[in-house]
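> Let's see this in three dimensions:
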Amino acid sequence: MDDNKKLAEFLFPHIDKTPDYYEKLFPQRNLKEGAKVCRFSPSPTGFLHFGNLFTCFVSYSMAKSSGGVFYVRVEDTDQKRSVEGAIEVMLKGLSVYGIVPDEGVIGDREETGVYGPYYQSDRKDIYQSFAKALVEQGLAYPCFMTAEELDEIRASQENESIKGVWGKYARSRDLSYEEICQRIENGEAWTLRLKSPGTLEGKCYFDDMIKGKIEMPENVQDIVILKSDGIPTYHFAHVIDDHLMRTTHVVRGDEWISSAPIHLQLFKLLGFKAPKYVHVAPIMKEENGGKRKLSKRKDPEAAVTYYIEQGYPSESVNEYMMTLANSNFEDWRRVNKDEPLSKFPFNVKKISVSGALFDIAKLSDVSKNVVSKMNAKTVFDLSYEWAKEYNKELAALYEKDIDRATAILNIDRENKKPRKDIAKWSDIYDYISYMFDETFEPDYELSGNADSALALDVLKKYKDVVNLDDDKDAWFSRIKDLCSEVGCTPNVKEFKANPDAFRGHVGDVSTIIRVALTGRVNTPDLFAITALLGRETVKNRIELAIKHYEEEE
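Sure, this is the predicted structure:
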């Protein structure tokens, strides 16, 4: 037995499974041609950033649009950073947006699928099996350098372009089998390092599906692959996991491009085919004429919980993310107004190379369009669920009369040109507050040609003719008849042709009634509002408005 094999046995006497065992245990997936296997692999830190959600959305869209598999793997080898319950929070955050894994981690310590375990902390023996194989091949070695020695090296490399343990700095690289055994038996702590075959002249090439062909210096560092407690580093663990879980495409932030030479070298030395890389640029935000990354410290909208708390429907956030992900999505949506998002032919090559620009106003516009297409029952159900947790006052208004609340939300909805006033459920309380006596706030500010004197004349006559049994045509006919009685014209064109001949037109008369009943100059259909307010409320509000304008006069 040569020294490398003896060393492997000495370091890992408890490991009796070979890499070949795991290759057979986790065979290639039986999927159709072109199906992609993608993953989301969070650390259990508890914060789901919008950038994480976006990257995950891209990964999920790639898998699902190809008829493939999307799975969740938890990268929890760094136990110091783990936050209890963090995975539940993340999975709940994803599920809100319809991102539900086909396999992998589905709850706290809960998982499904045959390619697990999906918690890295449960895969220690698997990693050590591959580490043992690398030692046998002379591609890994135990390193005894202390923290002080490593600090010394870093200090001496101030003017070096490559930092870390490599070349002459790799002090443990060429220790003999006997010396290694002696030092371990003496109780010295050790880590396992990769014996990198890279050279300073060597190049690493790969095709990124967003960035295109990338050329970088190959890795020359003898990176740590197992820490002193036998737990793998991220670099080593994720390469083995992506291979054994048969991942075809790795979607991740482009800050990982600098690590790609390490990862590609590991794939090659372990005898694995590397997956395709999709490096997504960070979500950007405009500020002071420039751009910066969306920041969880500066921007409340960086946290995925922000959208839930504000009440943006998940469908709206998904539509908006697709506008960020694929530049041709909006053109497709204009042509396919009623198609579900899943029908869109997602193409990873349409993702922005430099980073999509986050725009909360654009999200609101997208969301208004989405909400406008929902029927009243859907708007009521979704907003009521939200209100029970985030706006108790709105929930209380709904609960007074659920049928009436649904009817209020249905004003100017479910027609060919629905209004687009609501972007998020937190808009609704103010939007409908004038429909309830306890939240109505009078505001008698007029617009157009209307003034206090005209308002008095209109309201005094309107209170005597308003009839809530009228249909819409009869109701509007009464308003037009009222115009001539107060010196206005029922014809807007006639007013524009000769404005000096009239005090106003039918639009001004309607505005006066609208302001008296709602305290606003812009509302949905006034006839529907009047009918839902009811006789007594209409009468009381008109009387209040008359009193106000009399005091002004």
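> Three-state assignment for the residue lying closest to R123 once chain neighbours are set aside, please.
The shortest distance from R123 to any non-neighbouring residue, by Cβ to Cβ, 6 or more residues apart in numbering, is to P117 (5.6 Å). In short, each C-beta sits where N, CA and C put it, glycine included. Three-state assignment for P117 (DSSP: H, G, I helix; E, B strand; the rest coil): coil.
> number of nearby residues for P117?
Residues near P117, counting by other Cβ atoms under 10 Å, number 17.
> before we move on, what about the one 3 residues further on?
With neighbours defined by other Cβ under 10 Å, the count for Q120 comes to 24.
> Any stretches of the chain with poor pLDDT?
1, 46 (pLDDT under 70).
> Give me the three-state assignment for V278.
The three-state label given to V278 by three-state DSSP is strand.
> Correct me if wrong: it contacts V348.
Yes. Using Cβ atoms under 8 Å, V278 is in contact with V348, at 5.7 Å.
> overlap in contacts of those two?
58, 62, 209-210, 249 (Cβ atoms under 8 Å, 6 or more residues apart in numbering).
> How are the strands of the stretch 201-350 of the chain distributed by residue range?
203-208, 212-217, 224-226, 249-253, 276-280, 284-287, 290-293 (DSSP state E, counting those that start in this stretch).
> Among those strands, which comes closest to I411?
strand 284-287 (35.7 Å; Cβ to Cβ).
> Within its sheet, name the partner strands of that closest one and how each one runs.
strand 290-293 (antiparallel), strand 357-358 (parallel) (DSSP bridges).
> Save these as CSV, and put in mean neighbour count and distance to L446 too.
Formatted as CSV, the strands paired with strand 284-287 follow (neighbours: other Cβ atoms under 10 Å; distance: least, Cβ to Cβ, whole Å):
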stretch, mean neighbour count, distance to L446
strand 290-293, 12, 43
strand 357-358, 18, 39
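> follow-up on the earlier one: counting neighbours, go ahead and name the busier of V278 and V348.
Between V278 and V348, counted using other Cβ under 10 Å, V278 has the larger neighbour count: 23 against 20.
> need the contact list for that one.
Per Cβ under 8 Å, 6+ apart, neighbours of V278: 58-59, 62, 208-210, 249-252, 348, 351.
> Adding distance to L397, write the residues you listed out as a markdown table.
Output for the contacts of V278, formatted as a markdown table (distance: Cβ to Cβ, whole Å):
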| residue | distance to L397 |
| --- | --- |
| V58 | 39 |
| S59 | 41 |
| M62 | 43 |
| D208 | 52 |
| M209 | 49 |
| I210 | 47 |
| H249 | 48 |
| V250 | 48 |
| V251 | 43 |
| R252 | 45 |
| V348 | 45 |
| I351 | 43 |
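> Take those and, keeping just the buried ones, write it as a PyMOL select command.
Per 16 or more other Cβ atoms under 10 Å, the buried members of those correspond to this PyMOL selection:
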select buried, resi 58+59+62+208+209+210+249+250+251+252+348+351
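> out of the contacts of V278, which one sits closest to I225?
For the contacts of V278, the closest approach to I225 (Cβ to Cβ) belongs to V250, at 18.6 Å.
> ok, the closest one touching K276?
Yes. Assessed by Cβ under 8 Å, V250 is found in contact with K276 at 7.3 Å.
> just checking, E111 is part of a helix?
No. Using three-state DSSP, the assignment for E111 is strand, not a helix.
> so who does it touch?
103-105, 117-119.
> For beta bridges, what are the partners of it?
Beta bridges link E111 to V105, judged by DSSP bridges.
> quick one: it from V317, how far?
27 Å (Cβ to Cβ, to the nearest Å).
> For the strands of the stretch 201-350 of the chain, give me CSV that also has distance to P261.
Output for the strands of the stretch 201-350 of the chain, formatted as CSV (distance: least, Cβ to Cβ, whole Å):
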stretch, distance to P261
strand 203-208, 4
strand 212-217, 5
strand 224-226, 15
strand 249-253, 15
strand 276-280, 12
strand 284-287, 26
strand 290-293, 24
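> Thought K124 was touching the residue nearest to R123, still the case?
No. Using Cβ under 8 Å, P117 makes no contact with K124, being 9.9 Å away.
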